[in-house]
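1. below are the sequence and a predicted model for it; my questions follow.
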Amino acid sequence: MDINFNKNEDHNKLLLSELKKRLAKVKLGGGEKSIEKHHGKGKMTARERIDYLLDSKKESIEIGAFAGEDMYEEHGGCPSGGVVVKIGYIKGKQCMVVANDATVKAGAWFPITGKKNLRAQEIAIENKLPIIYLVDSAGVYLPMQDEIFPDKEHFGRIFRNNAIMSSMGITQIAAVMGSCVAGGAYLPIMSDEALIVDKTGSIFLAGSYLVKAAIGETIDNETLGGASTHCEISGVTDYKAKDDKHALDTIKNLIDKIGDYDKAGFNRVDSKKPKEKQEDIYGIIPKSRADQYDMYEIIKRLVDNSEYDEYKAGYGKTIITCYARIDGWAVGIVANQRHIVKTKGAKTKPAEMQFGGVIYNDSADKATRFIANCNQKKIPLVFLQDVTGFMVGSKSEHGGIIKDGAKMVNAVSNSVVPKFTVVIGNSYGAGNYAMCGKAYDPRLIFAWPSAELAVMSGNSAAKVLLQIETASLKKKGETITKEKEEELFNKIKDRYDKQVSPYYAAARLWTDAIIDPLDTRTWISMGIEAANHAPIEKPFNMGVLQV
């Protein structure tokens, strides 16, 4: 191993250590005191409930762990968006679980809470996964009601999705394990079956104080909407549980009786580990996002037996297209190549050797054809992103880079096989779109700690913004010294660098997670298994396309 490998390895392991530290903090929810208070009521925390519910010996993945990070500091913060979302297995069946975290503002809904719940439902709908709601929420966070209540993608969309999923035959089970108030009361009742925990669970459109204010009736919350009321008088709930564990055991038994599902039929054989050492990934990914590395070496450490069949190997070399297997599943991989070497007899352009990671006309053409082939063969697609965008300049423009790029975006948009996106490094500008960014409906999109997402790099953006800033100051008659220019540049770059961080993206759910690169195979495998629940219902069609 060379000195650069060791430097890269040290850097990436420090990034991984930072990731683990941040995750540990997130998992405390509202903090240790809030957890103690929660336990004092005889209740399990959201994470404890999910851990008890899921099969302990099987893998699970968490969606949106960093949702809301650093977004609501003036309101005391909202760790993990106040809701925990995981895909795992219950009695061997893959399920989506959504649990309100009542240690965070009593489980109240912030704007990001709504967005995260909708993302969970979106995944369940796309993949026809059973979904379990563990409800413990005080409802909408009133100081921000205008940002969570009225719009199409706000709180009410949750109940609309309940109805849609019911019509699609997707199993929904809700357990009321704490407060369930006002509009939120509709969620468990719009599920297929609803449970309620005695003495701690309650459901009502208006609590006792509001009832007193509205109609003058004096009544306590338990009598108004407790377990006995809804299981024995109103018939709103179907099962009464004596405590959290009893409720979760009941859910396990209900899931255990669900029949088998129609399968999409994606190809799978016995899984084989990569021959190449997966831990080498830490030494391959460069410390500087401007440096080159060989994406083939990453692919070898992600795919079964480190084997792949490359499509158009000598053409459009800034994108790699190949067939492989990940945990036994057949996949088509579309990956940006940052390291371009001219080989004997190949027609690699000098510019390509300089601009690895950029999409050229021929690279876009190759990717478009490959995506179409994967759709024809019913092979899921995996995008490995490290892209700075499409090639610019007169030569590319005259060659029709916009048209070739549009073809690739068209193919990605209309693809009917499931897509999975891994943001390894740069994810800039239109390159993010062409390589199946969040706007293009990947079933799952997740980032490594080395990722950056933005219109352009912090350095490039700072240079552009500096020119605008200095021009504006000069118009006002101010003299710009070299020192002043440098100070402005660093100020702009620092602000922009914060926005390109993978944590900034994950906080806003532009990605579903930031993960250890060694967990990539698990995420893709579980994602394809989820997608296999939903047979493809329409043919691949790219519509009107300028050839």
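-> In hand now; what should we look at? Residues are numbered from 1 along each chain as shown.

2. quick one: low-confidence ranges for this structure?
-> For the chain, residues meeting the criterion pLDDT under 70 lie at 1, 183, 341-356, 458, 545-547.

3. give the buried residues for the lengthiest helix in it.
-> The single longest helix within the chain, with elements called by DSSP state H, is helix 3-26. Residues 8-9, 11-12, 15-16, 19, 22-23, 26 are the ones in helix 3-26 that count as buried (16 or more other CB atoms under 10 Å). Backbone N, C-alpha and C define where each C-beta goes, glycine included.

4. helices along the stretch 151-300 of the chain, start to end?
-> Along the stretch 151-300 of the chain, the segments classed as helices by DSSP state H, counting those that start in this stretch run 156-168, 186-189, 208-215, 221-225, 227-228, 244-256, 281-284, 295-300.

5. before we move on, back to that, closest to residue 384 among the buried residues of helix 3-26?
-> Closest approach between the buried residues of helix 3-26 and residue 384, by CB to CB: residue 12, at 16.1 Å.

6. that closest one and residue 282, how far apart?
-> Residue 12 is 4 Å from residue 282, where distance means CB to CB, to the nearest Å.

7. so what sits against both of the two?
-> Common contact partners of residue 12 and residue 282 (CB atoms under 8 Å, 6 or more residues apart in numbering): residue 517.

8. related to what we said a few turns ago, need the helices of the stretch 151-300 of the chain in CSV (columns: mean neighbour count).
-> Shown next, in CSV, are the helices of the stretch 151-300 of the chain (neighbours: other CB atoms under 10 Å):
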stretch, mean neighbour count
helix 156-168, 16
helix 186-189, 21
helix 208-215, 12
helix 221-225, 17
helix 227-228, 18
helix 244-256, 18
helix 281-284, 22
helix 295-300, 21
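
9. can you list these in a markdown table and add distance to residue 445?
-> Formatted as a markdown table, those follow (distance: least, CB to CB, whole Å):
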| stretch | distance to residue 445 |
| --- | --- |
| helix 156-168 | 20 |
| helix 186-189 | 26 |
| helix 208-215 | 41 |
| helix 221-225 | 39 |
| helix 227-228 | 40 |
| helix 244-256 | 27 |
| helix 281-284 | 19 |
| helix 295-300 | 17 |
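
10. just checking, residue 94 touches residue 526?
-> Yes. Using CB atoms under 8 Å, residue 94 is in contact with residue 526, at 7.4 Å.

11. what is in contact with the two at once?
-> By CB under 8 Å, 6+ apart, residue 94 and residue 526 have these common neighbours: residue 87.

12. residue contacts, residue 329?
-> Contact analysis of residue 329 by CB under 8 Å, 6+ apart lists 266-268, 380, 524-525, 528-529.

13. filter the residues you listed to the buried ones?
-> Among the contacts of residue 329, the ones that count as buried by 16+ other CB under 10 Å are 266, 268, 380, 524-525, 528-529.

14. can you flag which of those belong to strands?
-> Among the buried ones among the contacts of residue 329, no member is found in strands (DSSP state E).

15. in helices only, show me the residues you listed.
-> 524-525, 528-529.

16. between those, which is nearest residue 216?
-> residue 529 (55.2 Å).

17. is it true that that closest one touches residue 95?
-> No. Contact criterion CB under 8 Å: residue 529 and residue 95 do not qualify, at 11.6 Å.

18. nearest to residue 128, of the buried ones among the contacts of residue 329?
-> For the buried ones among the contacts of residue 329, the residue nearest residue 128 by CB to CB is residue 529; the value is 12.1 Å.

19. measure the closest one to residue 224 for me?
-> 43 Å.

20. check residue 153 too.
-> Counting by CB to CB - residue 153 and residue 224 are separated by 32 Å.

21. what residues are up against residue 274?
-> Here residue 274 is in contact with 300-306 (CB under 8 Å, 6+ apart).

22. which of these are buried? Put it as a ChimeraX command.
-> Command for ChimeraX that selects the buried part of these, burial taken from 16+ other CB under 10 Å:
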select :300,301,302,303,304,306
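
23. ranges for the helices of the stretch 401-547 of the chain?
-> 401-414, 429-434, 458-475, 482-500, 502-507, 520-531.

24. for those helices, which one sits closest to residue 54?
-> So among the helices of the stretch 401-547 of the chain, helix 520-531 is nearest, using CB to CB, at 12.3 Å.

25. what's that closest one packed up against?
-> If you count contacts as 3 or more CB pairs under 8 Å, 6 or more residues apart in numbering; DSSP states H and E, helix 520-531 packs onto strand 61-63, strand 93-100, helix 111-127, strand 319-326, strand 329-336, strand 419-428, strand 444-447.

26. residue 133 is nearest to which of the ones you listed?
-> Residue 133 lies closest to strand 93-100 among these, at 5.2 Å (CB to CB).

27. that closest one pairs with which strands, parallel or anti?
-> Using DSSP bridges, the strands paired with strand 93-100 are strand 83-90 (antiparallel), strand 131-137 (parallel).

28. picking up where we left off before, closest to residue 133 out of the helices of the stretch 401-547 of the chain?
-> Judged by CB to CB, the one of the helices of the stretch 401-547 of the chain that comes nearest to residue 133 is helix 520-531, at 17.8 Å.

29. from the buried ones among the contacts of residue 329, pick the one nearest residue 234.
-> Distance to residue 234 across the buried ones among the contacts of residue 329 (CB to CB) is lowest for residue 529, with 39.0 Å.

30. the residue nearest to the closest one when sequence neighbours are not counted: neighbour count?
-> In this structure, residue 529 finds its nearest non-sequential neighbour in residue 94, 6.0 Å apart by CB to CB, 6 or more residues apart in numbering. Neighbour count for residue 94, taken as other CB atoms under 10 Å: 19.

31. so who does residue 94 touch?
-> By CB under 8 Å, 6+ apart, the contact list for residue 94 reads 87-88, 129, 526, 529-530, 533.

32. related to what we said a few turns ago, hey, which of the strands paired with strand 93-100 is tucked in deepest?
-> Highest mean neighbour count among those (mean count of other CB atoms under 10 Å): strand 131-137, with a mean of 28.
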